[in-house]
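>>> Structure, please.
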Amino acid sequence: RCPECGSGSLVEDAHYAQQQLVCSACGCVLSEGLLTTTYTDEEHLREVAYSQSTGQKEQLSRCLQRGIRRVQDLCKVLQLPAVFEETAVSYFQRALQLPAFRLVSLEKKELLGGCCVFVTCRQRNWPLTMGTVCSLLYAKQDLFASVYLSLQKELGLSVPALSLADLVTTHLNSFRLLQPTANIPAPFLEDKEKLLARTMAIVELASETWLVTGRHPVPIVTATAFLAWQSLRPGPRLSCPLAQFCRLAGVDLPPPAHLRLKELLEILLGMASQLSWLRGFDLDRKTVVKHIGDLLQHRVFLLKNAFSQHGEEQQDTAPGQGCSDKDSPDKGSLDTDSLDRGSLDKDSPGQGCPGQGSRGGPLRPLLPPCLLHPRKRLRPAAPSAAAVAPTGDEPISDSEIEQYLRSPEEIRALRKAKVWL
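Next up is the predicted model:
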């Protein structure tokens, strides 16, 4: 009944799409409708402020709209599938709801869209590098990396590492040497499939010889592509340096590429010293490129004979106990009459004395370059006088405990010395 007049004639009136219960006798409004939203409390007919209603939430902020457009434009430039774009947009919307990205600078918010695209491509094994995204966004790589790590931490995303094989394919696709143009000489053009196969083989060789671990991948791919390109047609290409090759290919020359090229050539020269049909030639860093095809074909055998394995460098032959020429041949020596170019056994072990190469020189251990050529480290600061003074209570480390333990022979010798004194 109406609380004002006591009448029981109550009707429902839809006023501006809101249901109202009105008394038809006196016109008293008994109840009013609420704003319809998707929130749980509104489903139970609880009053909700307009700032928390669905109508307010459907209005995207200007920053979110601009970020979504940036993500969509970046996906179109990279020609990514539609499902990639949807995933990247969802990551961007989730990130902007977090306090870690809501109050950051505008520059980091613009890079956040690129990070979402980068994460999406990595999760779906799409070959995309951080440098490519930074070049499209005109961003610094260190700032982009910081935003990327923050996004990965805040959203708890699992991002797999990009394989080197996918990076080789992506990097070679941008070479202008694979497409005939007017400003590139005909002898410098190369077939894409041949160059990719030879580059992948050299990359595998670099991985087996510790040249890839802990290194930036782009200089390695550039150096291996240059060697592969030269080895396919060595006649007109040996005179072309690495800098000119990068200019013709239309790619940047990373500074460490010269060092990676030098290390690869040292490995190839060591392998070439084990081939019997190459021992009569005076090979250097230029002429060894002509024989890269043969070296890659028998790389397992050549690496086994050209470089000492782990622990082999510790096996020293005592003087007077070495291998004589009458008993056994030198290690890795190959008879050209019984071993031709096409029947080289890749798994045959080397013969001769351990620790010697085919030419009598010592074998170089197959170790990472950081161990073969360690950098000079700064000397530690001199300790203070208080730290030098021993107190007798210092703990003995595991590496020094052997100095304080005596063998039974040493104990007997010490007793004899005490008696004699």
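>>> which element is the residue lying closest to His171 once chain neighbours are set aside on?
Distances taken as CB to CB, 6 or more residues apart in numbering put Val221 closest to His171, at 5.0 Å, once the chain neighbours are dropped. Heads up, the C-betas are built off the backbone N, CA and C, glycines and all. Here Val221 sits within helix 217-232, counting by DSSP states H and E.
>>> Distance from the chain centre to the helix or strand following that helix, please.
Later in the chain than helix 217-232, the nearest helix or strand by DSSP H and E is helix 234-237. Relative to the mean C-alpha coordinate of its chain, helix 234-237 is positioned 32 Å out (CA atoms, centre = their mean, to the nearest Å).
>>> can you give me the angle the helix or strand immediately after helix 234-237 in the chain makes with helix 217-232?
As assigned by DSSP H and E, the chain's next helix or strand after helix 234-237 is helix 242-249. Here helix 242-249 points in a direction 90 degrees away from that of helix 217-232 (axes from the mean of the first three to the mean of the last three CA atoms, to 10 degrees).
>>> What residues of helix 242-249 count as buried?
Of all the residues in helix 242-249, those buried under the rule 16 or more other CB atoms under 10 Å are Leu242, Phe245, Cys246, Leu248, Ala249.
>>> Repeat that for stretch 299-308.
Those buried within stretch 299-308 under the rule 16+ other CB under 10 Å are Arg299, Phe301, Leu302, Leu303, Lys304, Asn305, Ala306, Phe307, Ser308.
>>> do stretch 168-184 as well
For stretch 168-184, the buried set under the neighbour-count rule, 16+ other CB under 10 Å, comprises Val168, Thr169, Thr170, His171, Leu172, Phe175, Arg176, Leu177, Leu178, Ile184.
>>> how about stretch 196-212 as CSV, C-alpha atoms only?
Extracted in CSV, the C-alpha atoms of stretch 196-212 (Å, rounded to 0.1, in the frame of the first residue of the first chain):
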residue,chain,number,x,y,z
LEU,A,196,70.7,-20.1,-46.0
ALA,A,197,71.8,-23.7,-46.0
ARG,A,198,75.6,-22.8,-46.0
THR,A,199,75.0,-20.2,-43.3
MET,A,200,73.2,-22.6,-41.1
ALA,A,201,76.0,-25.1,-41.4
ILE,A,202,78.6,-22.5,-40.4
VAL,A,203,76.4,-21.4,-37.5
GLU,A,204,76.3,-25.1,-36.3
LEU,A,205,80.1,-25.2,-36.5
ALA,A,206,80.4,-22.0,-34.5
SER,A,207,78.1,-23.4,-31.8
GLU,A,208,80.2,-26.6,-31.6
THR,A,209,83.3,-24.5,-31.1
TRP,A,210,82.0,-22.3,-28.2
LEU,A,211,81.7,-19.2,-30.4
VAL,A,212,78.0,-18.7,-29.8
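>>> For it, which residues meet the burial criterion?
So, applying 16+ other CB under 10 Å, buried residues of stretch 196-212: 196, 198-206, 209-212.
>>> Likewise for stretch 69-84?
By 16+ other CB under 10 Å, the buried positions in stretch 69-84 come out as Arg70, Val71, Gln72, Leu74, Cys75, Leu78, Leu80, Phe84.
>>> Let's see it as CSV, backbone CA atoms only.
What follows is stretch 69-84, C-alpha atoms only, in CSV (Å, rounded to 0.1, in the frame of the first residue of the first chain):
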residue,chain,number,x,y,z
ARG,A,69,46.0,1.9,-32.2
ARG,A,70,49.8,1.8,-31.9
VAL,A,71,49.7,-1.9,-31.2
GLN,A,72,47.4,-2.5,-34.2
ASP,A,73,49.5,-0.3,-36.5
LEU,A,74,52.7,-2.2,-35.4
CYS,A,75,51.0,-5.5,-36.2
LYS,A,76,50.0,-4.3,-39.6
VAL,A,77,53.5,-3.1,-40.4
LEU,A,78,55.0,-6.5,-39.4
GLN,A,79,52.2,-8.3,-41.2
LEU,A,80,51.2,-10.4,-38.2
PRO,A,81,48.1,-12.6,-38.1
ALA,A,82,44.9,-11.4,-36.6
VAL,A,83,45.3,-13.6,-33.5
PHE,A,84,48.6,-12.0,-32.8
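>>> Just the mean pLDDT for that stretch, thanks.
Summarised as a single mean, pLDDT over stretch 69-84 is 90.
>>> List the contacts of it.
For stretch 69-84, the external contacting residues (CB atoms under 8 Å, 6 or more residues apart in numbering) are 85, 88-89, 92, 110, 113-114, 116-117, 120-121, 124, 126, 128, 133, 136-137.
>>> And the residue lying closest to Leu178 once chain neighbours are set aside, how close does it get to Lys108?
The shortest distance from Leu178 to any non-neighbouring residue, by CB to CB, 6+ apart, is to Lys192 (4.7 Å). To Lys108, Lys192 is 39 Å away according to CB to CB, to the nearest Å.
>>> Switch the buried residues of stretch 196-212 over to CSV; also include pLDDT, secondary structure and distance to Lys416.
Shown next, in CSV, are those (pLDDT from 0 to 100; DSSP: H, G, I helix; E, B strand; the rest coil; distance: CB to CB, whole Å):
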residue, pLDDT, secondary structure, distance to Lys416
Leu196, 91, helix, 75
Arg198, 93, helix, 71
Thr199, 93, helix, 70
Met200, 93, helix, 69
Ala201, 93, helix, 66
Ile202, 94, helix, 65
Val203, 92, helix, 64
Glu204, 91, helix, 62
Leu205, 91, helix, 60
Ala206, 90, helix, 60
Thr209, 88, coil, 54
Trp210, 87, coil, 51
Leu211, 88, coil, 57
Val212, 86, coil, 58
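>>> So what are the structural domains in this protein, by residue number?
Per the TED database, the structural domains of the chain span 10-49, 62-160, 165-308.
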